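*Asks:* model this:
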Amino acid sequence: MLLRYAQHVGDGHGIVWNIGEPPVDGSTDLLDMLAVAGVTRAGVGLEKAAKAVGLASHVLCVLAVYAAVRRGTGASPMLALIPAAYLAVGPGLRYVSASYGTTVFALTVAVGWWMARRLMAASGPDVRRLALGLGLCGVAMGMARPEGAFLALFFFAAVLVGRGGADTAEVAVGFAIGFGALGLAYFCWRWTYFGHPLPNPFYRLGGGVLHPDVLARSARNVLRLGGVFLILLFAGLLRRESRRLALAVMVPVVLFTALWVFLSDETNYYMRYRYPILSVILIGAAEIGAVLASTPAAAPLRRMPRTLVSLAAVALIAALIVVQHRQLRHVEPRRMGLFDVARRLSPYVGKGYTLATTEAGLLPLYSQWRSVDAWGLNDSWIAQHGVVTAEYLDRYRPELVMFHAYFSPESPRDESASRRGLGRAWDDTVRALQSYAEERDYALAAVYARGPHESHYYYVRRGFLDHDAIVAAVRIADYEWDGQPASDLTPAAAR
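*Replies:* Prediction:
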């Protein structure tokens, strides 16, 4: 989805989902989108631009973690390399490969936390200057992802904890000038440009209810991402020498983990929503480890030969790389029939045809058709009204209707479908699309399934010039789903 926005911005159409329509803030990774759009304007292909921006951000984030550990703890290069290597071979490269903007957000968080840690130790005139810097970092975090603004406030709270209340007024004034003034200007621009205060996906994902299942999943994600480094955070709470620092680190980690109770968890590709907090965990764990290593209880460790320490560090780095590889080796992007269909539809882009779909990633991007995101992440009307309606779809009269259903011709159409996938709201959207297509006599062109309870349905409107050609475009003999052949259930659906 983000690449579609970046393409339109790079071509000079503004932040729009469909060219010629009002702006939509479905691309919540604003900094990444603008960076990708800028690189494409320099003549780089869209996917290459996205991967270049993502990879550069990942490398810079790794360097920021390394530098923060080196400067914050005085650790040797080999010891500082441990958290940096863990980050380098972690999920970041998978996000880059999938063209997500996660690493851009992670970079702003790493820099913001480094600024916060410097502020915790500052004194005199440096306090307000660094507080202003933290506020400006907070604005950048909020531009990278909306939840970054909340994380900036969590960093501010962590600074107050870490400083033990010292110079609170100076810290608050500096932070308010940077984060409050510039952040307010950015917020007002967003509201004016897009027409509503919150990013469009928040209206769709929040739903005005709490999501305890997402809170539990968020906690599991953070535990899995942080791994052994979280042990040091908890160990720091047990020692007087490191307790305040450990509390300061835990403030943003715990609050950011809990923040996700307000949103559903769709498109959370391999924990990408929680990944940015990892740099806070790594830097904090290294600093707490340094404090614990300076205590009398750790005196035998300090007397170990430097060569032995370096060898132990190398062995730990190697072990972490192996563990990360085993965890991540099965999440590589795989071939999708959605991509193949989109490529086959792209020659018809000049005809002005419209696609209505629940799959607002590959199909709209590579077909370049005008698209209705039926789930609502990229459609203000649907996001704020809750579900797509037949009357709304009639505004577009889409030539193609496609949806991801949690049923198939091999399973009964009963209430069990509403308990699968993203739940009842998703099932309501699917039912609305299917009813619309069937009531308006669309032709069922194809049904592909990867089991009795999950399938892709394609309906094509009758009576337009290229009806037969579009039906042929969605009829693929080797339709794949996450790299595995899908079953063609079109004959069974037609009966």
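*Asks:* Residue 462 reaches residue 445, doesn't it?
*Replies:* No - contact criterion Cβ atoms under 8 Å: residue 462 and residue 445 do not qualify, at 10.7 Å. C-beta here means a position set from N, CA and C on the backbone, and glycine is covered the same way.
*Asks:* between the two, who's got more neighbours?
*Replies:* Legend: neighbour count by other Cβ atoms under 10 Å for residue 462 and residue 445, higher for residue 445 (20 against 12).
*Asks:* So that one belongs to a strand, correct?
*Replies:* Yes - checked against DSSP: H, G, I helix; E, B strand; the rest coil, residue 445 lies within a strand.
*Asks:* what's the distance between it and residue 451?
*Replies:* Taking Cβ to Cβ, to the nearest Å as the measure, residue 445 falls 21 Å from residue 451.
*Asks:* Mind splitting this protein into its structural domains?
*Replies:* Split into domains by automatic domain parsing, the chain comes to 2-328, 337-494.
*Asks:* Where does pLDDT dip in the protein?
*Replies:* 206-208, 295-310, 313, 325, 327-334, 412-422, 494-495 (pLDDT under 70).
*Asks:* mind listing what's buried in the helix ranked longest in the chain?
*Replies:* Across the chain, the helix with the greatest residue count (assigned by DSSP state H) is helix 46-73. Using 16 or more other Cβ atoms under 10 Å as the test for burial, helix 46-73 gives 46, 49-58, 60-62, 64-66, 68-70, 72-73.
*Asks:* Off-centre distance for that helix?
*Replies:* Put simply, helix 46-73 sits 16 Å off its chain's centre (Cα atoms, centre = their mean, to the nearest Å).
*Asks:* Which secondary structure elements does that helix sit against?
*Replies:* Judged by 3 or more Cβ pairs under 8 Å, 6 or more residues apart in numbering; DSSP states H and E, helix 46-73 is in contact with helix 2-10, helix 30-41, helix 77-88, helix 92-97, helix 102-120, helix 278-293.
*Asks:* For the stretch 351-495 of the chain, which segments count as strands?
*Replies:* For the stretch 351-495 of the chain, applying DSSP state E, counting those that start in this stretch gives strands covering 354-357, 370-373, 400-405, 443-449, 455-460, 480-481, 484-485, 487-488.
*Asks:* Now do residue 161: how many residues are near it, please.
*Replies:* Each residue near residue 161 was counted by other Cβ under 10 Å, and the total is 17.
*Asks:* so what's it up against?
*Replies:* Residues counted as contacts of residue 161 (Cβ atoms under 8 Å, 6 or more residues apart in numbering) are 244, 247-248, 251.
*Asks:* Now, of these, which are buried?
*Replies:* Buried, going by 16+ other Cβ under 10 Å: 244, 248, 251, out of the contacts of residue 161.
*Asks:* Return the subset of those residues lying in helices.
*Replies:* Using DSSP H, the buried ones among the contacts of residue 161 in helices are 244, 248, 251.
*Asks:* Residue 74 is in contact with residue 290, isn't it?
*Replies:* Yes - look at residue 74 against residue 290 with Cβ under 8 Å: they come within range, at 7.3 Å.
*Asks:* Sort out which residues of stretch 372-385 are buried, please.
*Replies:* 372-380, 382-383.
*Asks:* All the helices of the stretch 351-495 of the chain, in order from the start?
*Replies:* Using DSSP state H, counting those that start in this stretch, the helices of the stretch 351-495 of the chain run over 362-367, 380-385, 390-394, 424-439, 467-474, 490-494.
*Asks:* Pick the most deeply packed of the ones you listed.
*Replies:* Among those, helix 362-367 has the highest mean neighbour count (mean count of other Cβ atoms under 10 Å), at a mean of 22.
*Asks:* and for that one, what are the contacting residues?
*Replies:* 1, 3-4, 7, 336, 338-339, 341-343, 345-346, 349, 355, 357, 369, 371, 373, 402.
*Asks:* Pick the most buried one from the helices and strands packed on helix 46-73.
*Replies:* Comparing the helices and strands packed on helix 46-73 by mean count of other Cβ under 10 Å gives helix 102-120 as most buried, with a mean of 26.
*Asks:* Return the alpha-carbon coordinates of it using CSV.
*Replies:* Output in CSV follows, covering the C-alpha atoms of helix 102-120 (Å, rounded to 0.1, in the frame of the first residue of the first chain):
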residue,chain,number,x,y,z
THR,A,102,9.6,-0.4,9.5
THR,A,103,13.4,0.2,9.5
VAL,A,104,12.9,3.9,8.9
PHE,A,105,10.7,4.1,12.0
ALA,A,106,13.2,1.9,13.9
LEU,A,107,16.0,4.4,13.0
THR,A,108,14.1,7.4,14.4
VAL,A,109,13.4,5.4,17.6
ALA,A,110,17.1,4.4,18.0
VAL,A,111,18.2,8.0,17.5
GLY,A,112,15.5,9.3,19.8
TRP,A,113,16.4,6.9,22.6
TRP,A,114,20.1,7.8,22.3
MET,A,115,19.1,11.4,22.7
ALA,A,116,16.9,10.5,25.7
ARG,A,117,19.8,8.6,27.4
ARG,A,118,22.2,11.6,26.9
LEU,A,119,19.5,13.8,28.4
MET,A,120,19.3,11.6,31.5
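*Asks:* Can you list the buried residues in the very next helix or strand once past it?
*Replies:* Later in the chain than helix 102-120, the nearest helix or strand by DSSP states H and E is helix 126-144. Neighbour-count burial for helix 126-144, counted by 16+ other Cβ under 10 Å, picks out 127-128, 130-144.
*Asks:* distance between the next helix or strand after helix 126-144 and the chain's centre?
*Replies:* The helix or strand immediately downstream of helix 126-144 is helix 147-162, counting by DSSP H and E. With Cα atoms, centre = their mean as the basis, helix 147-162 stands 20 Å off its chain's centre.
*Asks:* Helix 126-144 and helix 147-162, what's the angle between them?
*Replies:* 160 degrees (axes from the mean of the first three to the mean of the last three Cα atoms, to 10 degrees).
*Asks:* name the helices or strands packed onto the next helix or strand after helix 147-162?
*Replies:* Counting by DSSP H and E, the element after helix 147-162 in chain order, helix or strand, is helix 168-175. The contact analysis (3+ Cβ pairs under 8 Å, 6+ apart) places helix 168-175 against helix 126-144, helix 147-162.
*Asks:* Let me have these in JSON lines, extended by distance to residue 202.
*Replies:* Converted to JSON lines, the helices and strands packed on helix 168-175 look like this (distance: least, Cβ to Cβ, whole Å):
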{"stretch": "helix 126-144", "distance to residue 202": "13"}
{"stretch": "helix 147-162", "distance to residue 202": "10"}
